[in-house]
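model the following, please.
(4 chains)
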2 protein chains.
Amino acid sequence: MSFENLNERERKVLEHLIEHYVQTADPVGSRVIANKYRMGLSPATIRNTMQDLEELGLIKQPHTSAGRVPTDSGYRVFVDMLLKPAPLTKNEAARIKEIISSRKGRGMDIILGQTSKILGDITSQLGVSIAPRFEEGILSRINFIPVAEGKVLAVVSVKSGLAHSILLEIESSIQIKELQKMEQVLNERLPGLTLGDIRRTLGERLADTGLSPRLLKLFINPEIDIWVDDPDQKIHVTGTENLISQPEFADREKLTEVIKILEEQNSLKELLLTKAGGQGIIITIGNENPIVGIKDCSMVTSTYQAGGISGTIGVIGPTRMPYSKLVSIVEFTARSLTEALSDS
Amino acid sequence: MSFENLNERERKVLEHLIEHYVQTADPVGSRVIANKYRMGLSPATIRNTMQDLEELGLIKQPHTSAGRVPTDSGYRVFVDMLLKPAPLTKNEAARIKEIISSRKGRGMDIILGQTSKILGDITSQLGVSIAPRFEEGILSRINFIPVAEGKVLAVVSVKSGLAHSILLEIESSIQIKELQKMEQVLNERLPGLTLGDIRRTLGERLADTGLSPRLLKLFINPEIDIWVDDPDQKIHVTGTENLISQPEFADREKLTEVIKILEEQNSLKELLLTKAGGQGIIITIGNENPIVGIKDCSMVTSTYQAGGISGTIGVIGPTRMPYSKLVSIVEFTARSLTEALSDS
DNA sequence: ATTAGCACTCATTAATTGAGACTGCCAGTT
DNA sequence: AACTGGCAGTCTCAATTAATGAGTGCTAAT
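You can find the predicted model right below:
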């Protein structure tokens, strides 16, 4: 369904209705729009327009004789056609810059934690961030470091300076020598490929090396994933307390539902990786996201770059959120983060 | 104040009162105790005893003409004198064992995450776990791995097979050679010491090495803490949804307060490290913990061992918690965890 | 095409009431 | 002396009712 044929008045009414509803969380009536926004029309006229908008499915009444509230589609139209990004205040911009750059060089985990925190704080929503998709990274080198009997730390370094490590348990019958040989072979054949490619094709690539199968198994085993983001690919979710006070979560059941999802992380992670994969700001509204537990929530996300690999940050909150503001904030934060992570 | 002089009847009444209150969350009256627990006494008599207990500060009335609820001191006396650990069911024991041992060898972070999850699930409280205090670990070796221009991964291995790594940013003017020299010196002088010792005394220990001060600064700088637990010393907190449904958190303010503390982690971490430092099960009740935001909460914690280093796990919930059961569960879980982490 | 006016619908709030859960205490019983 | 039955008094909680008022849809007039 396309809504391009909304006339000027309908657009204005929808816009004002959303603006007011976002602020107050109360259904908004015709009088409010007529008076507060001085449209030069009487409430009765506004009412007629509202009826039209309701028939289009953009707004609805919670019950007879209440004002109207936007539907998911209503927000969608607003976001697609009516939204004008609201610039950040000097103060907000400064805080974001400051937090992010002051944490430079203290590890991805800390930076991302702080980023989601500042997002949550400034927006009064839930701030989220997810580490760069290591899978996209181009391997520069892998090292094995014996740590103790039967334990080896594998360090995977990626072009442009990211690295992660994972502790492997190996059968103690495996010799250090073998391991060194393995390291050498891997470093001859794999650098230049992305970790994703490596994971998918490692089996064939090592078929002719004559290395011990026991050892090989260790690296092809999809359970123990050196090649995948796992250990650091954690989601940071900050600002749960901001959600609690939102009237849409007054219902305990609903709140429980949402908190469960946030805590469990896996489905959220997937959502973030799929929905928010693309470039630039992406807005996902209510039912557009596949997780039913958060069908009353929207997300505003963006990607950032860390040495050629991209990750995602954003905010999550009730569909009734100040999109115009959030778009600017998320966008600015993503850009700042990319900057901070790219210069040495 | 000592309560050893409570007579038999007073003890029984307190015990039953707590038992009933823990189940129902409603103030419990004299009738209930007299009838449900068949003490062979009339409610009037119980009432007298309850008055005595109230004067001792062990129980109190929320308002005139309500039943009584236990006070923090009441719980304390119960825990110290009356508590009999309630054995786990076969099922519970099996689930715990299963979760913990199935995650063996997949990294500390994952095991601990699962542990706090299972604790939360089984107890319907908040499960928490905190990684071993690296600071106690005895250094076996340190390695530097160049990752990219100006970036080096430092891998700190500790006796008994734990290791952690941290990404260092170094001035690009520092030569690889210097770094290797540094690595060599460190590995000559430091192994055998605990990381804590190293951190405190590193300055003097390296005073006579003639290494470049720029390089030295990197390691003595208390900001960038190779020697301390930081990156993995995260707290896992799982089961927030369990708290939400507890009647003591019906008040949104209170809930917000608690969630803030859980999310912020730092103060919680400190609490866990100080209060729960000792051996065996430690129970902290309500106001006994210094964080005012969770003064209505109790903790049951225990330590576990991972290669000679100890960490903490436990549960947190409203003071009205089934201590007898929790003690057994936490204790069993800690033991299972220690086992799983000690055998190779 | 607008708008004023009006009848009608519901949600929300406050006030009132009644029922019920306990207690504390006293007087009587064992 | 220890216990108990009984009763008056207190306070919470749930249910009911009534009043208020916000907001709509429709119609007739401009």
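
and the longest helix anywhere in chain A, what's buried?
For chain A, the helix with the greatest residue count under DSSP state H is helix A:323-342. For helix A:323-342, burial by neighbour count (16 or more other Cβ atoms under 10 Å in any protein chain shown) applies to A:323-334, A:336-338, A:340-341. Every C-beta, even on glycine, is put in place using the N, C-alpha and C of the backbone.

filter the residues you listed by proximity to DNA strand C?
Taking Cβ under 7 Å from any atom of the strand as the test, DNA strand C is in contact with none of the buried residues of helix A:323-342.

which helices and strands sit right next to the longest helix of chain A?
Helix A:323-342 makes packing contacts with helix A:90-102, helix A:108-123, strand A:297-306, strand A:309-318 when contacts are defined by 3 or more Cβ pairs under 8 Å, 6 or more residues apart in numbering or on different chains; DSSP states H and E.

host element of the residue of chain A found nearest DNA strand C?
Nearest residue of chain A to DNA strand C: A:Ser65, at 2.9 Å (Cβ to the nearest atom of the strand). Assigned by DSSP states H and E, A:Ser65 belongs to no helix or strand.

sec struct for A:Gln279, please.
coil (DSSP: H, G, I helix; E, B strand; the rest coil).

same thing with A:Val79?
Assignment for A:Val79 (three-state DSSP): helix.

that one reaches A:Ser324, doesn't it?
No. Taking contacts as Cβ atoms under 8 Å, A:Val79 lies outside contact range of A:Ser324: 9.1 Å.

worst-scoring helix or strand of chain A, pLDDT-wise?
helix A:213-220 (a mean of 74; mean pLDDT, DSSP states H and E).

run through the neighbouring helices and strands of the helix or strand that it is followed by.
Sequence-wise, the next helix or strand downstream of helix A:213-220 (DSSP H and E) is strand A:235-238. Packed against strand A:235-238 by the contact rule (3+ Cβ pairs under 8 Å, 6+ apart) you find helix A:108-123, strand A:126-130, helix A:266-275.

hey, least reliable of those by pLDDT?
Lowest mean pLDDT within the helices and strands packed on strand A:235-238: helix A:266-275, a mean of 89.

surely A:Ala66 is in contact with A:Val28?
No. A:Ala66 is beyond contact range of A:Val28, at 9.5 Å (criterion: Cβ under 8 Å).

DNA strand C contacts on the stretch 51-200 of chain A?
Counting by Cβ under 7 Å from any atom of the strand, the stretch 51-200 of chain A sits next to DNA strand C at A:His63, A:Thr64, A:Ser65, A:Ala66.

hmm, which of these is lowest in pLDDT?
A:Ser65 (88).

what's the local residue count around that one?
A total of 8 residues lie near A:Ser65 under the criterion other Cβ atoms under 10 Å in any protein chain shown.

give me the nearest residue to A:Leu41, chain neighbours excluded.
Excluding its sequence neighbours, the residue lying closest to A:Leu41 (Cβ to Cβ, 6 or more residues apart in numbering or on different chains) is A:Ala34, at 6.0 Å.
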